[in-house]
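**Q** Provided below are the primary sequence and the corresponding predicted coordinates.
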Amino acid sequence: MRIFKTLSYAFVALATFCVLTSALPASKGKISPEKIKAASLAYDLAAKDGKVTYKELKTIATDFKGENLTLKEKIALKVFGSKIAKKQSAAGTKSQLVALLLCGFLGGLGVHRFYLGYTWQGIVQLLTGGGCGIWALIDFIRIITGSLKPKDGEYDVTL
């Protein structure tokens, strides 16, 4: 009987989560390029100090939408706001040369994957010795050509 009760609570929690996080269209009509530019500029101004607060994000989103945010939109902004702010501040902080050197000297250990933000792939490379060196060689070539980029954006310094 306890299992049934626990499963029913889990089901209700999952259903509530799905309903509250369901995607909504941003607007009913087309979004003008001026609105996108204004929202982007407002976000850049808010992110100058490296931190964006929930209040600033809410103001930008309300101005972008042109009306008050719904409860679902407020919850989504609260949940994903920190991820949005982290992505903006962390983007472009990696050097292609550093990744290349790490891959060249420590490729079998997967250190370059950790550096680029691919933690699980780094662990797998560490355990397999870089796929017996083959995976490390492929990564070396991909870093040189620029097809292996940091997980959260582009390189800040390229070759």
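**A** Structure's in. What do you need?
**Q** how does the protein divide into domains?
**A** Listed domain ranges for the chain are 27-90, 94-157 (source: automatic domain parsing).
**Q** how about TSV for the ones you listed, with mean neighbour count, distance to residue 14 and mean pLDDT added?
**A** All C-beta atoms are positioned from the backbone trio N, CA, C, and that covers glycine. Below are the domains of the chain laid out as TSV (neighbours: other CB atoms under 10 Å; distance: least, CB to CB, whole Å; pLDDT from 0 to 100):
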stretch	mean neighbour count	distance to residue 14	mean pLDDT
domain 27-90	13	16	72
domain 94-157	17	25	89
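**Q** nearest to residue 3, out of these?
**A** domain 27-90 (30.0 Å; CB to CB).
**Q** so what touches stretch 134-151?
**A** 93-94, 96, 99-100, 103-104, 107-108, 110, 112-113, 116-118, 125, 128, 130-131, 155, 158-159 (CB atoms under 8 Å, 6 or more residues apart in numbering).
**Q** next step: the residues you listed restricted to helices.
**A** Counting by DSSP state H, the contacts of stretch 134-151 place 96, 99, 100, 103, 104, 112, 113, 116, 125, 128, 130, 131 in helices.
**Q** which residue sits closest to residue 39 in space, ignoring its chain neighbours?
**A** Closest residue to residue 39 apart from its sequence neighbours, by CB to CB, 6 or more residues apart in numbering: residue 64 at 4.3 Å.
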